[in-house]
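A.B. asks: kindly generate the corresponding structure for this input.
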Amino acid sequence: MVLLEPFDEFKRMRRLIRALSEPFELEEMWPERRLRPALFDIEDKGDKLEITAEIPGVDKKDIKVNLTNDTLSIKAEKKEEKEEKKKNYYYKERSYGGFYRSITLPAEVDPKTAKATYKDGVLQITIDKIEKKEKGATEVKID
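C.D. replies: Coordinates of the predicted model:
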């Protein structure tokens, strides 16, 4: 007598679907298409915030930085084209990758004071902090 498990067919089907879909996972087939998210360091320097983001392999012109009083957003795209010609063969390759990251800053800042530099794959941003306005109730005198 053979015992049948009612869910064996589902398990087999799930394994088959997983095996069939694996070749289509682009990140596994072409890892160069990926661009890892920027690693951020945020340092409070008293009256300023200094932000360092690692964005290697990206041209400065392909980095966009947006800033509000409390949020920093960075978008970067990596575009690369390689062409090689030799006596008996010719090939041309292209790759593309990108990321977008938005973080809440630990203090309110004045976006108009932001200064940024990008060198050797490291983006550095310095922004003046603004004093926090006290929240809470203010007593209003009645005349």
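A.B. asks: any weak-confidence spans in this protein?
C.D. replies: Applying pLDDT under 70 to the chain flags residues 1-4, 19, 21-38, 133-138, 143.
A.B. asks: helices of that one, start to end?
C.D. replies: 8-21, 26-29 (DSSP state H).
A.B. asks: need the contact partners of stretch 73-81.
C.D. replies: 35, 38, 53, 55, 57-59, 62-67, 92-103, 123 (C-beta atoms under 8 Å, 6 or more residues apart in numbering). From N, CA and C alone the C-beta is placed, and that goes for glycine too.
A.B. asks: send the alpha carbons of that stretch over as PDB?
C.D. replies: Output of stretch 73-81 as PDB, limited to C-alpha atoms (Å, rounded to 0.1, in the frame of the first residue of the first chain):
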ATOM      1  CA  SER A  73      17.400  62.200  -1.200                       C
ATOM      2  CA  ILE A  74      20.100  60.800  -3.500                       C
ATOM      3  CA  LYS A  75      19.600  59.300  -6.900                       C
ATOM      4  CA  ALA A  76      22.400  57.900  -9.000                       C
ATOM      5  CA  GLU A  77      22.700  56.100 -12.300                       C
ATOM      6  CA  LYS A  78      25.700  54.200 -13.600                       C
ATOM      7  CA  LYS A  79      26.000  53.900 -17.300                       C
ATOM      8  CA  GLU A  80      28.900  52.100 -18.900                       C
ATOM      9  CA  GLU A  81      29.600  51.200 -22.500                       C
END
